[in-house]
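Engineer: Generate coordinates for the sequence data below:
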Amino acid sequence: MELRDYLRVVRAHWLGMVLIVAAALLITFGWALLQPKVYTADATAIVQAKTVADDLGSQSVGNTIANQKVKTYVELGSSRAVAEIVIDELGFDRSPAALVGDVSVSNPLNTTSLRVSAEAGSPQAARDIAEAWVRGMAAVVNELETSNATTTGAVYLSPVDSARLPESPSSPNMRLVLAIGGFAGIVLAVGYGLLRHTLDRRIRSVDAVERETGVAVVGTVPEEKTFTVDNRLIPFDGGNSSGSANAHLFSIAEAMRELRTNIQYMDVDNPPRVMVVTSPLPGDGKSTTASNLAITLASSGQRVALIDGDLRRPMIDTIFGLPRGAGLSDVLAGRADLADVAHRVGAHGRLLVIGAGKIPPNPSEVLGSQRMKDLLDAIAAEAIVIIDAPPLIPVTDASVLAHRADGAIVVSTIGKTTYEVLGKALGNLERAGARALGIVLNRVPKRGAGAAYYGYQYHGDYYRAPDEALASDEAPASAESVLGRTDTAEGTRDAEAPDAPLRRSTHRVS
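Structural biologist: This is a model prediction of the structure:
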């Protein structure tokens, strides 16, 4: 993982990570509140040696003796004898061993002083123990030196500083506790984010998809929550004109234009003419993507034929609001001519929509027939063909169609489709000898944590275009086409031009 990958993990899971850190701080704070408060008081004493004279030599000898004794007195400060004296003086009902555990004696470096630190549950008790401990040590030292606890010997212990009343508890140290809790929370939060990233096999970013599959991502379509079953199309002008009614669809339209450009420049010398739009599983938005891609291609001035090749659960009729009737299956069975089942939609009539027709009992065989191949070849001679095919994993229809076509565009859903599912779908295409033109990532979040993986947020205002005629406003070609009809001001009539490229009889099944 690179640094930007870690940043995406943080941006994607920041809420959970913040909650973990906050929970860690709250837990440690609550733990600290439940702990008994401990106060610490310090008292200081100095080890001194008596001198017979006030000359410098005698003082030097005394200091040498004191330095030799101070190390012994540090160990003496932790003895039961001192603890028993303190217990008798303060009237404690505690054992000497327990009291010794609450007191520490230390010798600052290069000094003859002893520092006594006493801990207790109240400031007064801590101060009293520290002062009594110094007096107890002085008594034990005197007894050690003179065999009399009240008589000072050649070396004696003299209190220097009485213990001060502590103003705040030394334990628990709230700052230290919160610092440790915050650090532990950060470690847990980072681990949580990385674990989620590692275990989450759903597709999240363009780079990861291309790295995992080896197939290029040719389009990313943002999520549009206003889409419904009956209303999921961009304007028929491709979203190039401004208007408050369709302002929210500019990001979708721009994504479709990007997809159109990537397809057109996929192979400049031989761009694909017949494309299958499919998905690994149902619900990935393949039909919507195929429909909007067809609209975008038609808005650029090209003739486009959108065919509903899903002979199991057709959706194109519903998306375009067309009546259910004869369609592709009827043409292949010889019950209708292609010109009779094609619907010309849009203001310029460059987009023709062909429904699925009657559902046959053997869709895979119908779609893989020679008649289907001849039909596609004939239509592709005059228009770009987009086929909305069933999902790749449940059935083989899409693989069969993709083998007959120039390739397939696989639509996957960000945050839903897993790499394993996508890999299996691409594997089905490969085993069928079909080409994967590219992957389209659908429902890319526009904002929020999910958008962090994609690394881009859509801004619809950026795509607003002025009200102006499209560059492709020319009237559609009026020559005879494979569909055998042309639009006129009076309506739709059959074309009778003798130089028509392909006549109806070519597609009639005898």
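Engineer: Tell me where the stretch 101-250 of the chain has helices.
Structural biologist: Along the stretch 101-250 of the chain, the segments classed as helices by DSSP state H, counting those that start in this stretch run 123-146, 174-199, 206-213, 250-264.
Engineer: Which strands or helices does the longest one pack on?
Structural biologist: The one in question is helix 174-199. On a contact count with 3 or more Cβ pairs under 8 Å, 6 or more residues apart in numbering; DSSP states H and E, helix 174-199 meets helix 3-12, helix 14-34. In this view, the C-beta of every residue, glycine as well, is placed from N, C-alpha and C.
Engineer: Name the residues that touch the last one?
Structural biologist: Contact with helix 14-34 is made by 10, 172, 174, 177-178, 180-182, 184-186, 188-190, 192-193, 196, 449, as judged by Cβ atoms under 8 Å, 6 or more residues apart in numbering.
Engineer: Skip the chain neighbours and tell me the closest residue to His89.
Structural biologist: Let me fix one detail, which is that residue 89 is Glu and not His. Leaving aside its chain neighbours, Glu89 sits nearest to Ala132 (5.1 Å; criterion: Cβ to Cβ, 6 or more residues apart in numbering).
Engineer: The one you found: what's it in contact with?
Structural biologist: Residues near Ala132 by Cβ under 8 Å, 6+ apart: 85-86, 89-90.
Engineer: buried subset of those residues?
Structural biologist: 85-86, 89 (16 or more other Cβ atoms under 10 Å).
Engineer: just curious, which of the residues you listed is nearest to Val268?
Structural biologist: Taking Cβ to Cβ as the measure, Val268 sits nearest to Val86 out of those, at 95.2 Å.
Engineer: Look at the closest one and give its secondary structure.
Structural biologist: Under DSSP: H, G, I helix; E, B strand; the rest coil, the three-state class of Val86 is helix.
Engineer: Tell me the spacing between it and Val47.
Structural biologist: Distance, Val86 to Val47, by Cβ to Cβ, to the nearest Å: 19 Å.
Engineer: about what we covered before: looking at the helices of the stretch 101-250 of the chain, spot the one closest to Pro360.
Structural biologist: Per Cβ to Cβ, nearest to Pro360 of those: helix 250-264, 29.8 Å.
Engineer: got the helices and strands packed on helix 174-199 as CSV, with mean pLDDT columns?
Structural biologist: Converted to CSV, these look like this (pLDDT from 0 to 100):
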stretch, mean pLDDT
helix 3-12, 82
helix 14-34, 94
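Engineer: Output those helices as TSV; include the columns mean neighbour count and distance to Ser113.
Structural biologist: As requested, these are exported to TSV (neighbours: other Cβ atoms under 10 Å; distance: least, Cβ to Cβ, whole Å):
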stretch	mean neighbour count	distance to Ser113
helix 3-12	16	52
helix 14-34	15	33
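Engineer: Compile these into JSON lines and extend it with columns for distance to Leu328.
Structural biologist: What follows is those, written out as JSON lines (distance: least, Cβ to Cβ, whole Å):
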{"stretch": "helix 3-12", "distance to Leu328": "42"}
{"stretch": "helix 14-34", "distance to Leu328": "48"}
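Engineer: nearest to Asp308, of the ones you listed?
Structural biologist: Among these, helix 3-12 comes nearest to Asp308, with 36.9 Å by Cβ to Cβ.
Engineer: and the angle for that closest one with helix 174-199?
Structural biologist: On the basis of axes from the mean of the first three to the mean of the last three Cα atoms, to 10 degrees, helix 3-12 is oriented at 110 degrees to helix 174-199.
Engineer: if I look at Met372, how far off is Gly423?
Structural biologist: Distance of Met372 to Gly423, computed by Cβ to Cβ: 28 Å.
Engineer: out of the two, which sits in the more crowded spot?
Structural biologist: Between Met372 and Gly423, Met372 has the larger neighbour count (other Cβ atoms under 10 Å), namely 21 against 15.
Engineer: Surely that one and Leu332 touch.
Structural biologist: Yes - here Met372 reaches Leu332: they are 6.1 Å apart, a contact under Cβ atoms under 8 Å.
Engineer: Need the overlap of contacts for the two.
Structural biologist: By Cβ under 8 Å, 6+ apart, Met372 and Leu332 have these common neighbours: Val366.
Engineer: Can I get stretch 306-315 in CSV, CA atoms only?
Structural biologist: The C-alpha trace of stretch 306-315 is given here as CSV (Å, rounded to 0.1, in the frame of the first residue of the first chain):
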residue,chain,number,x,y,z
LEU,A,306,-30.3,-0.4,-28.6
ILE,A,307,-31.4,-4.0,-28.5
ASP,A,308,-32.8,-5.7,-25.4
GLY,A,309,-31.0,-9.0,-25.5
ASP,A,310,-32.2,-10.0,-22.0
LEU,A,311,-34.7,-12.6,-23.1
ARG,A,312,-35.3,-13.6,-19.5
ARG,A,313,-36.1,-10.4,-17.6
PRO,A,314,-36.3,-7.6,-20.3
MET,A,315,-36.2,-4.0,-19.0
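Engineer: List of residues touching it?
Structural biologist: Residues from elsewhere that reach stretch 306-315, judged by Cβ under 8 Å, 6+ apart: 276, 282, 287, 290-291, 294, 316-317, 327-329, 351-357, 359-360, 363, 366-367, 379, 385-390, 395, 397-398, 401.
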